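**Q** I'd like to go over a predicted model; first the sequence, then the structure.
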Amino acid sequence: MVWYLRVEWVHSFSEEPVEIYSEVGDDGYEVRKIELFRDGHLQYADERHEAAGTSLSETPVGTVAEIAADEEFRPRTITGQEFEEIWARAVATRDG
């Protein structure tokens with residue numbers, strides 16, 4: 001079953017994203033990913049496209065509980081519609 005994830009990344013690195021959105025496939029691997037940066041720009045990746053620094057993970061995503069075990073990360077599941085809305089924004093910018 002495909003599911004969708006939003007992770008807030010709490011850190012002070014200026015060049016890293018502050019939010020990461022993932023579409024996770026049946027096998028636990030990312031199918032599509034969007035990264036939102038402090039300045040508001042979006043970068044995205046899927047099986048055909050990667051942006052500088054934004055690519056699909058080479059390891060399974062893990063569960064929400066596993067991700068939340070690291071205090072830097074605040075994960076929550078989101079709806080497919082929420083993911084599609086930010087995906088459309090990311091693709092439309094062509095920054096990613």
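**A** Received the coordinates, thanks.

**Q** rest of the way, CA atoms for contacts and neighbours
**A** Will do.

**Q** and the longest helix for the chain?
**A** Secondary structure of the chain per DSSP state H: the longest helix is helix 80-93.

**Q** and the contacts of it?
**A** Residues outside helix 80-93 that contact it (Cα atoms under 8 Å, 6 or more residues apart in numbering) are 3-4, 21-23, 34, 42-44, 96.

**Q** just stretch 59-79 next, same as before
**A** Residues contacting stretch 59-79 (Cα under 8 Å, 6+ apart): 3-11, 24, 27-30.

**Q** could you work out the most separated pair of those?
**A** Spatial extent of those (Cα to Cα) is set by the pair His11 and Asp27 at 29.0 Å.

**Q** can you map out the strands along this protein?
**A** Along the chain, the stretches classed as strands by DSSP state E are 3-9, 19-24, 30-36, 42-45, 73-78.

**Q** redo those strands as a markdown table? Include mean pLDDT.
**A** Shown next, in a markdown table, are those (pLDDT from 0 to 100):
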| stretch | mean pLDDT |
| --- | --- |
| strand 3-9 | 98 |
| strand 19-24 | 98 |
| strand 30-36 | 98 |
| strand 42-45 | 95 |
| strand 73-78 | 98 |
